[in-house]
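Peer 1: Sequence plus predicted model, see below.
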Amino acid sequence: MITLSHLSYASWLAELARLAKERELEWLVSVGSDIHRAAFDKGLSPDEELAARADMSEWRGCGCGGGS
């Protein structure tokens, strides 16, 4: 059975995937699972979810304090 909230999440997820492709960040999005469901349930937009994942994926050094 397909519920309205499922359709809503499916639309949200499709927009997330579209934005990721547009920004060449497809590797940050998993469309085959509910991994992004928490962001959806918190009321984040697809743009906010993608920005948060892109931010987390950036290298900021190892944390040892010896970097440049």
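Peer 2: Structure received.
Peer 1: By residue count, what's the longest helix in this structure?
Peer 2: For the chain, the longest helix by residue count, based on DSSP state H, is helix 4-22.
Peer 1: Quick check: mean pLDDT of the helix or strand following it?
Peer 2: Counting by DSSP states H and E, the next helix or strand C-terminal to helix 4-22 is helix 37-41. For helix 37-41, the mean per-residue pLDDT is 94.
Peer 1: Could you list the alpha-carbon positions for helix 37-41 in PDB?
Peer 2: Extracted in PDB, the C-alpha atoms of helix 37-41 (Å, rounded to 0.1, in the frame of the first residue of the first chain):
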ATOM      1  CA  ARG A  37      14.400   9.600   5.900                       C
ATOM      2  CA  ALA A  38      15.600  11.200   9.100                       C
ATOM      3  CA  ALA A  39      16.300  14.400   7.300                       C
ATOM      4  CA  PHE A  40      12.900  14.300   5.600                       C
ATOM      5  CA  ASP A  41      11.200  13.600   9.000                       C
END
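Peer 1: Show me what counts as buried in it.
Peer 2: 39-40 (16 or more other Cβ atoms under 10 Å). C-beta: built from backbone N, CA, C; applies to glycine.
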